[in-house]
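Q: Sequence and predicted structure, then a few things I'm wondering about:
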Amino acid sequence: MKLLKTGYLFWILLLIFSLSPLPTRAEPPDTRNDPGDEENEPRLKPFYEPPNEDLRPRNFIGPPLLSFLLPGFDQWAEGQTKYGALYTGVGFGGIILLSQSRKSAIDNRYRDFAWQVYFTAGSLSLYHSFRTALTTRIPNGDFSFMSSTPERPSELLEAPIDLSYLSRWTTVVPLGIAAGVFFFMTPSKSGDSANGSLNDAFYASSVGYMTGVGEEAVFRGFVLPLMYYYTEDQKLTLGLSSLIFAMGHGLKVRHFVTAFFFGLYSGWLTQENNWSIGEVTFIHTWWDVMAFVADYTNRREHAFLRLPTISISF
């Protein structure tokens, strides 16, 4: 019940964050009929550009990694105080939940949920830091293959509930395959299955959601373009990034193989989408949610196609 009560606060905060007015790109006035000098028009400021307009090339590895470990680190350093406060606050909330979970050994899912809160804050902070660095490097020719208009944090958070992705075969096919596999794994006899609870439903949806957003921000939003930047080879990039993704999910053969091929497909799709990670975030989230449902229905620890959550002990 403690997990469920904590969940109410999580979803309320998520709703507030998604609907809150966030910093937006400065829209220039409509001057299509203005004979004035075009050079005097306001510059369209990228969302991730540092507020002080200091465009010296940023380090695109160190600050993002520090921001992953210490959510909000680079945002504070860059003067992006609203997001620094957000990531740090959510990360601190995850630490509080984690400390509370260690006082109770009744349900390890409470601990896993707390870790995912911290992981998601760190992942979005890493992605934010990386894209800030790229804002200062793309004009100089670095990462020229990347889109200059990446998703904002709020767009990544909204991606798992953007049903427009269901109109794409690249979304429907993998989720359809997963749904079919999980359906055949479900016991046909009611005596072999377990009844779900509200705790089960909340855990499956919330952890699946945070895992999808957080892991895609890290692996397809950061690791994948980083690999391509250094190798300049699409196949090698997909192989290396998928290997890292699979190793992060454990070395059990069934989980390693599933994660590796999931990484290959997600990496390919990200490149096909001009390095946008919204669609793969949607797929990853609902893949995990279906896997959790299969776990509870079968009353076993992990489904075959389950992508175990990444866990780091402090």
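A: Now that the structure is in, tell me what you want to look at.
Q: In the chain, which residue is most central in space?
A: Closest residue to the average C-alpha location of the chain: residue 213 at 2.4 Å, with CA atoms, centre = their mean.
Q: so that residue makes contact with residue 282?
A: No. The criterion here is CB atoms under 8 Å, and residue 213 misses it with residue 282 at 9.9 Å. The C-beta positions use only the backbone N, C-alpha and C, and glycine is treated the same way.
Q: Mutual contacts of the two, please.
A: With contacts taken as CB atoms under 8 Å, 6 or more residues apart in numbering, residue 213 and residue 282 have 159, 160 as neighbours in common.
Q: Pass me the low-pLDDT residue ranges in the stretch 101-250 of the chain, would you?
A: Applying pLDDT under 70 to the stretch 101-250 of the chain picks out residues 104-107, 148, 185-198.
Q: the helices in it, which residues?
A: 108-137, 153-158, 169-185, 198-218, 224-231, 234-247 (DSSP state H, counting those that start in this stretch).
Q: Let me have those helices in JSON lines, adding distance to residue 289 as columns.
A: Shown next, in JSON lines, are the helices of the stretch 101-250 of the chain (distance: least, CB to CB, whole Å):
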{"stretch": "helix 108-137", "distance to residue 289": "13"}
{"stretch": "helix 153-158", "distance to residue 289": "16"}
{"stretch": "helix 169-185", "distance to residue 289": "10"}
{"stretch": "helix 198-218", "distance to residue 289": "4"}
{"stretch": "helix 224-231", "distance to residue 289": "23"}
{"stretch": "helix 234-247", "distance to residue 289": "19"}
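Q: which of those helices sits most buried?
A: helix 108-137 (a mean of 24; mean count of other CB atoms under 10 Å).
Q: quick check: angle from that one to helix 198-218?
A: 20 degrees (axes from the mean of the first three to the mean of the last three CA atoms, to 10 degrees).
Q: any idea of the angle helix 108-137 forms with helix 224-231?
A: 50 degrees.
Q: Identify the residues contacting residue 156.
A: 124, 127, 213, 216, 217, 221, 277, 278, 281.
Q: what's the most distant pair in those?
A: By the measure CB to CB, 124 and 278 form the most distant pair in the contacts of residue 156, at 13.8 Å.
Q: Which residue ranges make up the domains of the chain?
A: 47-144, 157-314 (automatic domain parsing).
Q: closest to residue 151 out of these?
A: Checking the domains of the chain against residue 151 by CB to CB gives domain 157-314 as the closest, at 5.7 Å.
Q: starting at the chain centroid, how far to that closest one?
A: For domain 157-314, the separation from the chain centroid amounts to 11 Å (computed by CA atoms, centre = their mean, to the nearest Å).
Q: Just the buried residues of stretch 252-267, please?
A: Going by neighbour count (16 or more other CB atoms under 10 Å), the buried part of stretch 252-267 is 255, 256, 258, 259, 260, 262, 263, 264, 265, 266, 267.
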